[in-house]
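[1] What shape does this take:
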Amino acid sequence: MTKRRTMLCASNNQGKIKEFKEMFSGYDVLGLKDMGINVDIPENGKTFEENALIKLRYLAKQHPDLTIIADDSGLCVNALDGAPGVYSARYSGEDATDASNNKKLLEQLDGIEDRSAYFVCVLALFHNGLEYVFEGRVSGTIAKQISGDYGFGYDPLFIPRSFDKTFADLPKQVKKDISHRANAVKQLKEFLLR
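    So this is what the prediction gives:
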């Protein structure tokens, strides 16, 4: 019997951890709390890649023998000059919730015709003592109102290109197959299989 490998996910976001567990079924994916790590790693980079690497390097110093993934992702709206961007999780303030972020985004886009946007996911991997970076994107538009029961974050507002429903309205498997995170994970998995 093959021993399952442990992968530390540099996050306390249960939605992300759940997605990673499903996408990396060959690993025991553990979040920070699962490992007893009670730290809020500052995300003060100016890009998604900088933020992912900040988290990765912090944990790699403490756990050099583990495989570690750090993700930074967010929504970029063209009419808002890329906002919320790296501030996606705290768009409506430091104590932001998904609901308050979605509300603010709808307010910012009120009366704006161009609702084109894209999600970005940068995955940084620490594996066998080396760092690697993978980026996934998915383009779409922002709906005029919240719709759907699945997902988290901006999923109830984001309509991926070639679809007429938000991520939160689509079956979970469809989102898992086409999302920005799925695109980045696919690249990372292909790398690990080499």
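[2] mind listing what Gln187 touches?
    Leu123, Phe134, Glu135, Gly136 (C-beta atoms under 8 Å, 6 or more residues apart in numbering). Backbone N, C-alpha and C define where each C-beta goes, glycine included.
[3] The nearest residue to Ser100 once chain neighbours are set aside and Asp114: what is the separation?
    Nearest in space to Ser100, with sequence neighbours left out and distances taken as C-beta to C-beta, 6 or more residues apart in numbering, is Ser92 at 4.0 Å. Here the criterion is C-beta to C-beta, to the nearest Å. By it, Ser92 lies 22 Å from Asp114.
[4] Report the central residue of the protein.
    Ser73 (4.0 Å; C-alpha atoms, centre = their mean).
[5] hang on, the earlier thing: and the residue nearest to Ser100, how many neighbours does it have?
    19 (other C-beta atoms under 10 Å).
[6] so it is in which element?
    Assigned by DSSP states H and E, Ser92 falls within no helix or strand.
[7] Where does the prediction get shaky in this protein?
    1-3 (pLDDT under 70).
[8] Show me what secondary structure element comes after the host helix or strand of Leu106.
    Leu106 is part of helix 98-109, with elements assigned from DSSP H and E. Proceeding N to C from helix 98-109, the next assigned helix or strand is strand 116-127, under DSSP H and E.
[9] ok, and for whichever helix or strand comes after that next one, which residues are buried?
    As assigned by DSSP H and E, the chain's next helix or strand after strand 116-127 is strand 130-142. Using 16 or more other C-beta atoms under 10 Å as the test for burial, strand 130-142 gives Val133, Phe134, Glu135, Gly136, Val138, Gly140, Thr141, Ile142.
[10] list the contacts for the closest residue to the fourth one other than its chain neighbours?
    This points to Gly136. What sits nearest to Gly136 in space, not counting adjacent residues and going by C-beta to C-beta, 6+ apart, is Asn183, at 2.8 Å. By C-beta under 8 Å, 6+ apart, the contact set of Asn183 is Cys121, Gly136, Arg137, Val138.
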